[in-house]
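Undergrad: sharing a model that was predicted from the sequence below.
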Amino acid sequence: MRVESTLSPKKILVKRMDNIRFILIIALSTIILMLWQAWQADYGPEPETAKTETASATLKADVPESLNAHSQSGETEQNKQSVAASPESKVVESSKIITVKTDLYNLEIDTIGGTLRNLDLLAYPVEKENKIVNKLRATLGFEPEQKNLKPIRLLDGSAERLFLAQSGLIASRGSELLPNHHTEFQVDKENFQLDPNQNTLRVPLVWRDGKGMKVIKTYIFTRGSYLITLQQKVINDSDKDWTGSQYNQLLRLPYKDKKKNTFIRTYTGGVVYTNEDKYQKIKFDDMADENLNVTTKGGWSAIIQHYFASAWIPPADQENHFYTKELKNSHYVIGSYSPVVTVPANSEHIFAEELYEGPKIQTIMEKIAPGLELTVDYGWLTIIGKPIYWLLNKIHSLIGNWGWSILGVTLFIKTLFFKLSDVSYRSMAKMRKLQPKLKALKDRFGDDRQRFNTEMMALYKKEKVNPMGGCLPILVQIPVFISLYWVLIETVELRQAPFVLWIQDLSAQDPFFVLPVLMGITMKIQQSLNPAPVDPLQAKVIKMFPVVFTVFFLFFPAGLVVYWVMNNSLSIIQQWIITKNIEKED
């Protein structure tokens, strides 16, 4: 015979209330674990990269075709010359490499196609030397830490980390084929450098077909700017009109994560911005499933990674066609081509495009193109993350130290949620005051769960205590905490930014683990001010949380731990005052 439950909905709710806070803490722990996994994905050991048989895709696949273009994959005379001049391996190894040095870059330009490769960001070393740590190590008789002080390499010509910026021209049907990124150019010299008295540096590459067609591909670098201008000048001295487009694309080999981490992490992949659909992520898997094929006025295409971005930005006043392709050996292409232009005989035309190669600094990127600052990816919490970054940046402009700026943001957020926290802490203080009475009920009705819940609800009603009052305000603040996490993780300005004393890099873990230990201590103090669960098992589990969280935070970036220690300290002060006042009440 089936026994029907005699519990009313109200009593069922009461029964569950005892577990709500425990479940909430478990949820918060899960979030911490996910954030730790995300940080490990970015700062932990790099996953092994996929090995490739060749360094590039085939000529027939990687040159885009506009709707009325010549078949670039056809065996025309120029294609035969291109294949002969630039076999697949020449995307990585060229017979002639142009070296360029500016105040911000060291890079190489391949004379095959005028392709940009091996671009180093001089202001951003891979790792930063911590002089305080090395001084202590020397005092103790240890060797200094070995750090990779080489600059970050954004574009890369190696087969294992292939990442190239390519460009070329697409001829319409009936027009002579002009150079694509497989065609060899000629240069007058192989070394270019931006001198101290120069504001701009021009690097020209020249191609001629011997029939009156000439192309001058020029890269223009500007002092203090991560924006590179590309001009492809078509000089038509033949007796026929030439019609065609220019294309610009990024080719990348993504890293293969054999661990297949399913936790959240910073995004690495393609991005397209259009007037119609705005900011769109296009993962490499998406490129494999379906080719992008969209036309819009303005817009841009990019491949982004943690802290840095590569973006082709065509003129905003023209209709641009954006595309993606999957090539062989897991190579992926994202780019765009311009509208068709006719260059009459005995005239010339300049195709122009800009390439951003540098850090994802929002205040710079938002001035370059609409939506480019969205490459600083806060995910679905962008609506909260952007105001937090704005506040962080404003405070830094006044203080000049990112660590103190984080403390300022923490104080502001704590003030913003002061009333919510007040409600939460008052509820917890009242619950704490009821602990002896709840324990007495537990001892008296422990074997009768239904009676215990009924008596507990009656006690809450009599004492005017809402057991949910301490949980809901915390739930409201969780999205803000997660948003702040992503702001601290995604903000390149915090990368290798010093704070005080031994904290010389806010984006790296505390080398002496002082901050995580302080966080654990503040969490233990705060826990002592909270009401203990009636259930003995839950109480034992919750007592372990300060230790568990401390272990998690050992590997967190120092900037996030600074926030957490400050937030806990302010919470302790507020909660201690409220708790003492409640305990003094009759």
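TA: Received the coordinates, thanks.
Undergrad: what sits against the nearest residue to Leu107 once chain neighbours are set aside?
TA: Distances taken as C-beta to C-beta, 6 or more residues apart in numbering place Leu119 nearest to Leu107, at 4.0 Å, with adjacent residues excluded. For the C-beta atoms, the positions are set from N, CA and C on the backbone; glycine is no exception. For Leu119, the contact set (C-beta atoms under 8 Å, 6 or more residues apart in numbering) comprises Tyr105, Asn106, Leu107, Glu108, Arg153, Leu154, Leu155, Asp156, Ala165, Glu357.
Undergrad: repeat that for Phe221.
TA: So Phe221 contacts Val100, Thr102, Tyr105, Leu194, Thr200, Leu201, Arg202, Val203, Ile228 (C-beta under 8 Å, 6+ apart).
Undergrad: tabulate those (JSON lines), appending secondary structure and distance to His181.
TA: Below are those laid out as JSON lines (DSSP: H, G, I helix; E, B strand; the rest coil; distance: C-beta to C-beta, whole Å):
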{"residue": "Val100", "secondary structure": "strand", "distance to His181": "17"}
{"residue": "Thr102", "secondary structure": "coil", "distance to His181": "22"}
{"residue": "Tyr105", "secondary structure": "strand", "distance to His181": "20"}
{"residue": "Leu194", "secondary structure": "coil", "distance to His181": "25"}
{"residue": "Thr200", "secondary structure": "strand", "distance to His181": "24"}
{"residue": "Leu201", "secondary structure": "strand", "distance to His181": "22"}
{"residue": "Arg202", "secondary structure": "strand", "distance to His181": "20"}
{"residue": "Val203", "secondary structure": "strand", "distance to His181": "16"}
{"residue": "Ile228", "secondary structure": "strand", "distance to His181": "16"}
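Undergrad: with pLDDT, neighbour count and distance to Lys367 as extra columns, can I get these in TSV?
TA: Converted to TSV, the contacts of Phe221 look like this (pLDDT from 0 to 100; neighbours: other C-beta atoms under 10 Å; distance: C-beta to C-beta, whole Å):
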residue	pLDDT	neighbour count	distance to Lys367
Val100	97	21	24
Thr102	96	20	20
Tyr105	96	23	20
Leu194	95	18	22
Thr200	96	12	19
Leu201	96	19	22
Arg202	96	12	23
Val203	96	19	25
Ile228	97	23	16
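Undergrad: and the residues you listed, which two are furthest apart?
TA: Tyr105 and Arg202 (14.4 Å; C-beta to C-beta).
Undergrad: ok, which stretches of the stretch 351-500 of the chain are strands?
TA: Counting by DSSP state E, counting those that start in this stretch, the stretch 351-500 of the chain forms no strands at all.
Undergrad: rewinding a little: closest to Asp447 among the contacts of Leu119?
TA: Closest to Asp447, out of all of the contacts of Leu119 and judged by C-beta to C-beta, is Leu154, at 67.1 Å.
Undergrad: burial measure for the closest one, as a count.
TA: 24 (other C-beta atoms under 10 Å).
Undergrad: now do the SS call for it.
TA: strand (DSSP: H, G, I helix; E, B strand; the rest coil).
Undergrad: what pairs with the nearest residue to it once chain neighbours are set aside across the strands?
TA: Closest residue to Leu154 apart from its sequence neighbours, by C-beta to C-beta, 6+ apart: Leu119 at 5.0 Å. Beta-bridge partners of Leu119, counted by DSSP bridges, are Leu155.
Undergrad: thinking again about what came up before, now the buried members of the contacts of Leu119.
TA: Among those, those buried by neighbour count (16 or more other C-beta atoms under 10 Å) are Tyr105, Leu107, Glu108, Arg153, Leu154, Leu155, Asp156, Ala165, Glu357.
Undergrad: pLDDT score for the fifth one?
TA: Same thing as Leu154. With respect to pLDDT, Leu154 scores 95.
Undergrad: Ile542 - how many residues pack around it?
TA: Ile542, neighbours per other C-beta under 10 Å, totals 18.
Undergrad: identify the farthest-apart pair in the contacts of Leu119.
TA: Asn106 and Ala165, at 15.0 Å, using C-beta to C-beta across those.
Undergrad: returning to that earlier point: among the contacts of Phe221, which one lies nearest to Met566?
TA: Checking the contacts of Phe221 one by one against Met566 (C-beta to C-beta), the nearest turns out to be Tyr105, at 37.8 Å.
Undergrad: for that closest one, give me its contacts.
TA: Leu119, Asp120, Leu121, Leu122, Phe221, Glu357.
Undergrad: Three-state assignment for Pro339, please.
TA: Applying three-state DSSP: Pro339 is coil.
Undergrad: lowest average confidence, helix or strand, in the chain?
TA: helix 77-85 (a mean of 36; mean pLDDT, DSSP states H and E).
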